[in-house]
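K.L.:
predicted coordinates and the sequence they were generated for:
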Amino acid sequence: MTAASYAYYPSVGYARSSTKTKEWTDTTIESSRPAMQVESSEGKIRIKVAGRVPRWLVSTFDEMNDLLNLRAGWDSYGAHAVSADAVAATIRFLGLVMQEESRMPFIVPMSSGNIQLEWHSGGVDIEVEVTPDGPGAISIEQTGAAPIASSIHGNLSLMKQVISNIPRR
Amino acid sequence: MGDREPIPAPDAEIPDLVDEDEVWRRIPPWKIVYDANLQVFRPAKDNFVDNPTSQTPMSCYLARRCNDPLLALEGHEGFALVAIRVETLRGCNLQVLNAPRDHLPPGHVHVVGEKTKQVQKRLATQCRWVVEPSNEVKEKIRNAE
């Protein structure tokens, strides 16, 4: 069984784990954005936040754990177990694009073991497939218009802008 | 030597298959979204893929042969069930082939062909619920946003 946990560090500076770390990413790209580090090791995920824990992280925490507990074949059609590395990459990606008031995406486990993030609101459909290596194919479509983007490359700012414009419920 | 599973007969065409026929596909509760643009709960696109483990084509049940939705859902508590018209599948260049299996309910078929993202989107938005997700699942989905 795998599990995710997060540790809240109210002051700046991170306590680095002594265990082997797959990847560390500082997602601080704005002064107002909490610095966050996501560690994925041996099927476990540890998230360290400097500053206030973002609301989106709190609300996705149980959901991520539920997904990590899905065993192979969970969809009754031969789905792979959800990859802990893909979950970690999803958290890192959300750390980059989510604002405090952003609308939460649907977090959909994929048959491949990857994670799909989906927003379907405000006349916009956004889908991002996150693999253990990070976000891959993305799709941003507006109702009645041609697709806006099909790749994450060069579109991160666009994604943040589009997501921030989706009204919250 | 241990027992071996019998080799299934090769998939075969269904001569009397018509556009009005429907196939059923189970939908796990984790793969349902609320589409506020369409104002409906619907399956996520990734429900419509081939089996990633066995590499066999997408499994479904021909509705008129399976006949009972609960038979298709047997042993899968909390799952929902959607119907897709054969006309829709044919419009996506997908073929429905008979694939009977002794251990499965009657009417088991394979939907053969490439499930591109566009095809998946069409199936996800043009299917209809036969057995809807429970209110508990719907509430959880709405609260997740």
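P.N.:
Yep, it's here.
K.L.:
do a quick rundown of the helices in the chain.
P.N.:
Defaulting to chain A. Taking DSSP state H as the test, the helices found in chain A are A:55-68, A:84-97, A:156-165.
K.L.:
nope, chain B please
P.N.:
Under DSSP H, chain B gives helices at B:63-66, B:69-73, B:86-91, B:117-126, B:135-144.
K.L.:
against which helices or strands is the fourth one packed?
P.N.:
It refers to helix B:117-126. Counting contacts by 3 or more Cβ pairs under 8 Å, 6 or more residues apart in numbering or on different chains; DSSP states H and E, helix B:117-126 packs against strand B:40-43, strand B:80-85, helix B:86-91. Where C-beta positions appear, they are placed from N, C-alpha and C, glycine not excepted.
K.L.:
geometric centre of chain B: which residue is closest?
P.N.:
Among the residues of chain B, the one closest to the centroid is B:Arg25, at 2.0 Å (Cα atoms, centre = their mean).
K.L.:
which residue does chain B bring closest to chain A?
P.N.:
Nearest residue of chain B to chain A: B:Thr53, at 3.5 Å (Cβ to the nearest Cβ).
K.L.:
quick one: average confidence on stretch A:89-100?
P.N.:
Regarding stretch A:89-100, the rounded mean pLDDT is 90.
K.L.:
touching chain A at all, stretch B:78-95?
P.N.:
Yes - judged by Cβ under 8 Å from any Cβ of the partner chain, stretch B:78-95 comes into contact with chain A at B:Phe79.
K.L.:
B:Val18 and B:Val86 touch, don't they?
P.N.:
Yes - counting by Cβ atoms under 8 Å, B:Val18 does reach B:Val86; the two are 6.8 Å apart.
K.L.:
between the two, which one's more packed in?
P.N.:
B:Val86 (22 against 10; other Cβ atoms under 10 Å in any protein chain shown).
K.L.:
now that one. Nearest residue, chain neighbours left out?
P.N.:
B:Asp21 (4.4 Å; Cβ to Cβ, 6 or more residues apart in numbering or on different chains).
K.L.:
what's the burial count for residue 57?
P.N.:
Going with chain A. 19.
K.L.:
actually chain B
P.N.:
21.
K.L.:
one step back: pick the most deeply packed of the helices and strands packed on helix B:117-126.
P.N.:
strand B:80-85 (a mean of 22; mean count of other Cβ atoms under 10 Å in any protein chain shown).
K.L.:
got the CA positions of that strand in CSV?
P.N.:
In CSV, the C-alpha atoms belonging to strand B:80-85 read as follows (Å, rounded to 0.1, in the frame of the first residue of the first chain):
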residue,chain,number,x,y,z
ALA,B,80,-22.1,2.6,-13.5
LEU,B,81,-23.0,1.5,-17.0
VAL,B,82,-23.3,3.4,-20.2
ALA,B,83,-24.7,2.5,-23.6
ILE,B,84,-23.2,3.5,-26.9
ARG,B,85,-25.0,3.2,-30.2
